[in-house]
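Participant: Okay, here's the prediction I keep looking at, along with the sequence it came from:
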2 protein chains.
Amino acid sequence: MMKLDGHISQRFNQDLEDIRSRLLEMGGLVEQQLVKAMAAFESGDSELGLAVSKDDVEVNRLEVETEDLCTKILVKRQPAASDLRMVLAVSRIVRDLERMGDEAAKIADLGVRLAEEGSSPIGYVECRNIATRVREMINASLDAFARYDAEKARETMRVDEKVDDEYASALRSLVTYMMEDPRSIKRVMNVMWTLRSLERIGDHATNVCEQIIYLVEGEDMRHSFK
Amino acid sequence: MMKLDGHISQRFNQDLEDIRSRLLEMGGLVEQQLVKAMAAFESGDSELGLAVSKDDVEVNRLEVETEDLCTKILVKRQPAASDLRMVLAVSRIVRDLERMGDEAAKIADLGVRLAEEGSSPIGYVECRNIATRVREMINASLDAFARYDAEKARETMRVDEKVDDEYASALRSLVTYMMEDPRSIKRVMNVMWTLRSLERIGDHATNVCEQIIYLVEGEDMRHSFK
């Protein structure tokens, strides 16, 4: 575990603790958004869909606040080395969390649309499976952040390969289905966009993991996995 | 125009100039990537598609380099006020540029796939129109950055509303077409993913504009348009 003590200013520790805990709060909210969004998607419950949109306002507020705090820390405390990495990593991670929240809101909207247009004859199992995986990715990456655990971040990144495979395979079967039953196209398309959003949430969770590795090891992991 | 003189260190000016010019170089490359990607998409030319992938390696390299430079400036020069905003804005903008490059690479890949699976019977005009708009958005946002022109950034953001409208309308006509001619579904899907990537490029250009407004006016524009 990284040591946060030994600073000149006790207030500085407090600042770092503050952005860390906001990030974790925001991440927990985003995870719950995904859970609710999937429930709205499966049930077409527009009340639940609305709840996800409300959460999104809160997530956006937390993002702006946390980024403001990060900027203030940079200006006032002028952190170096691992403290600087912490501030930079937090400000990048909250952007990815915010985008995950956006995708969750899209999924909730698609659920409401499915309720209006009639539910899709196919694709729910695939969505559920991929949603479970990306939810685990969010959870594991927050855990890795809380413990400064680069190994766990690496493990979590590997889950995204499975997500991508399952996503590609689900798309193929949806296309086949639509070809056989063209009347289902509109409804199946809603499932397709949901899959796409889930896959993007997995990508954002991967970005979060890269930032955790950078935070812990000081190395920039981006593009090395591409 | 923002004044960059009057600093204690001449080297500091040089650093700021350095990240600015790298950003503009990277932006120019991404714009060209989009032009080539659309040519590959329309012609199914796999050589051109490959060229876009090569550009993407260069864009990724520029992103990592520029972000490293930004971090070094933060540590060594400890900038304040407008200089700090410049460093933070640049480090955020290059991330969006890099993601635009990723989307361009996806479009080039889809072009190659269309050449293999047979070209789509529909959707090229729509793609071309939206591509022209988002290319203008990239170009205008780089121009706004180079001149610190917040008004131009605001104008450019408004173009994205048109992009979103055209995108939604194009999707509707593609779905209608697929329902009438199910054998075309696979090929039309490739056009659909291309439209999706173009729309995302527009979103990233909007993010860039928000950062320019933040840079010039010191205000965070995010979420105020949502």
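Facilitator: The structure has been received and is ready for your questions.
Participant: switch to C-alpha atoms for all contacts and neighbour counts from now on
Facilitator: OK.
Participant: what inclination does the lowest-mean-pLDDT helix or strand in chain A have with respect to helix B:46-77?
Facilitator: When each helix and strand of chain A is scored by mean pLDDT, DSSP states H and E, helix A:46-77 comes last, with a mean of 90. With axes from the mean of the first three to the mean of the last three Cα atoms, to 10 degrees defining the directions, helix A:46-77 sits at 50 degrees from helix B:46-77.
Participant: what's the helix or strand for the residue positioned nearest the centre of chain A?
Facilitator: Note on chain A: the residue nearest the mean C-alpha position is residue A:100, at 3.9 Å, using Cα atoms, centre = their mean. Taking DSSP states H and E as the criterion, residue A:100 maps to helix A:81-117.
Participant: Please identify the buried residues of that helix?
Facilitator: Across helix A:81-117, burial judged by 16 or more other Cα atoms under 10 Å in any protein chain shown covers A:82-115.
Participant: buried sites along the least confident helix or strand of chain A?
Facilitator: Applying 16+ other Cα under 10 Å to helix A:46-77 flags A:46, A:48-53, A:55-60, A:62-64, A:66-67, A:69-71, A:73-75, A:77 as buried.
Participant: Out of those residues, which are close to chain B?
Facilitator: A:60, A:64, A:74-75 (Cα under 8 Å from any Cα of the partner chain).
Participant: Just send these back as a markdown table, with distance to residue B:175 too.
Facilitator: Shown next, in a markdown table, are these (distance: Cα to Cα, whole Å):
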| residue | distance to residue B:175 |
| --- | --- |
| A:60 | 33 |
| A:64 | 38 |
| A:74 | 49 |
| A:75 | 51 |
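Participant: show me the contacts for residue A:175.
Facilitator: B:185-186 (Cα atoms under 8 Å, 6 or more residues apart in numbering or on different chains).
Participant: Let's see the pLDDT reported for it.
Facilitator: You'll see residue A:175 listed with a pLDDT of 93.
Participant: And it, which helix or strand is it part of?
Facilitator: Judged by DSSP H and E, residue A:175 forms part of helix A:150-180.
Participant: How about residue A:119?
Facilitator: Using DSSP H and E, no helix or strand contains residue A:119.
Participant: Around chain B, pick out the residues from chain A.
Facilitator: A:60, A:64, A:74-75, A:78-80, A:84, A:175, A:178-180, A:182-183, A:185-186, A:222-223.
Participant: helices or strands up against the helix holding residue A:100?
Facilitator: When contacts are defined as 3 or more Cα pairs under 8 Å, 6 or more residues apart in numbering or on different chains; DSSP states H and E, helix A:81-117 packs onto helix A:10-43, helix A:46-77, helix A:185-217.
Participant: how far is the shortest one from where the chain is centred?
Facilitator: Going back to what we said before, that points to helix A:46-77. 14 Å (Cα atoms, centre = their mean, to the nearest Å).
Participant: where does chain A have low pLDDT?
Facilitator: Residue ranges of chain A with pLDDT under 70: A:1-8, A:219-226.
Participant: If we use 90, what do you get?
Facilitator: A:1-13, A:44-50, A:53-54, A:68, A:71-72, A:74-82, A:84, A:112-121, A:218-226 (pLDDT under 90).
Participant: Closest one of the ones next to chain B among the buried residues of helix A:46-77 to residue B:164?
Facilitator: residue A:60 (21.3 Å; Cα to Cα).
Participant: if you skip the residues just before and after it, what's nearest to that closest one?
Facilitator: residue A:98 (6.3 Å; Cα to Cα, 6 or more residues apart in numbering or on different chains).
Participant: residues touching the one you found, list them.
Facilitator: A:30, A:59-60, A:63.
Participant: so can I have a markdown table of those residues showing distance to residue A:9?
Facilitator: A markdown table is the format used below for these (distance: Cα to Cα, whole Å):
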| residue | distance to residue A:9 |
| --- | --- |
| A:30 | 32 |
| A:59 | 30 |
| A:60 | 30 |
| A:63 | 25 |
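Participant: nearest to residue B:148, of these?
Facilitator: Once Cα to Cα is applied, the member of the contacts of residue A:98 that ends up nearest residue B:148 is residue A:63, at 25.2 Å.
Participant: Run through the residues that contact the closest residue to that closest one other than its chain neighbours.
Facilitator: Leaving aside its chain neighbours, residue A:63 sits nearest to residue A:94 (5.7 Å; criterion: Cα to Cα, 6+ apart). If you count contacts by Cα under 8 Å, 6+ apart, residue A:94 has them with A:23, A:26, A:63, A:66-67.
Participant: From residue B:65, how far off is residue A:94?
Facilitator: Using Cα to Cα, to the nearest Å, residue A:94 is found at 22 Å from residue B:65.
Participant: Then residue A:179?
Facilitator: For residue A:179, the distance to residue B:65 - Cα to Cα - is 47 Å.
Participant: burial of residue A:20, as a residue count?
Facilitator: By the criterion of other Cα atoms under 10 Å in any protein chain shown, residue A:20 has 18 neighbours.
Participant: From chain B, how far off is the residue lying closest to it once chain neighbours are set aside?
Facilitator: Sequence neighbours aside, residue A:90 is the residue nearest to residue A:20 in space, at 7.1 Å (criterion: Cα to Cα, 6+ apart). The gap separating residue A:90 from chain B is 13 Å, by Cα to the nearest Cα, to the nearest Å.
Participant: What distance do you get for residue A:90 to residue A:73?
Facilitator: Distance from residue A:90 to residue A:73, by Cα to Cα: 12 Å.
Participant: Tell me who's in contact with residue A:216.
Facilitator: Contacts of residue A:216 by Cα under 8 Å, 6+ apart are A:2, A:82, A:148-150.
Participant: Relative to residue B:210, which of the residues you listed is nearest.
Facilitator: Checking the contacts of residue A:216 one by one against residue B:210 (Cα to Cα), the nearest turns out to be residue A:82, at 29.0 Å.
Participant: Quick check, the closest one in contact with residue A:215.
Facilitator: Yes - at 7.1 Å, residue A:82 and residue A:215 qualify as touching, with contact defined as Cα atoms under 8 Å.
Participant: need the contact list for the residue nearest to residue A:100 when sequence neighbours are not counted.
Facilitator: Nearest residue to residue A:100 in three dimensions, chain neighbours excluded: residue A:201, at 5.2 Å (Cα to Cα, 6+ apart). Going by Cα under 8 Å, 6+ apart, residue A:201 touches A:99-100, A:103, A:134.
Participant: go again using 7 Å as the cut-off
Facilitator: A:100, A:103, A:134 (Cα atoms under 7 Å, 6 or more residues apart in numbering or on different chains).
Participant: burial of residue A:169, as a residue count?
Facilitator: The number of residues near residue A:169, taken as other Cα under 10 Å, comes to 12.
Participant: That one and residue A:192: what is the separation?
Facilitator: Distance from residue A:169 to residue A:192, by Cα to Cα: 12 Å.
Participant: Name the residues contacting each of these two.
Facilitator: Joint contacts of residue A:169 and residue A:192 (Cα under 7 Å, 6+ apart) do not exist.
Participant: Good, wrapping up.
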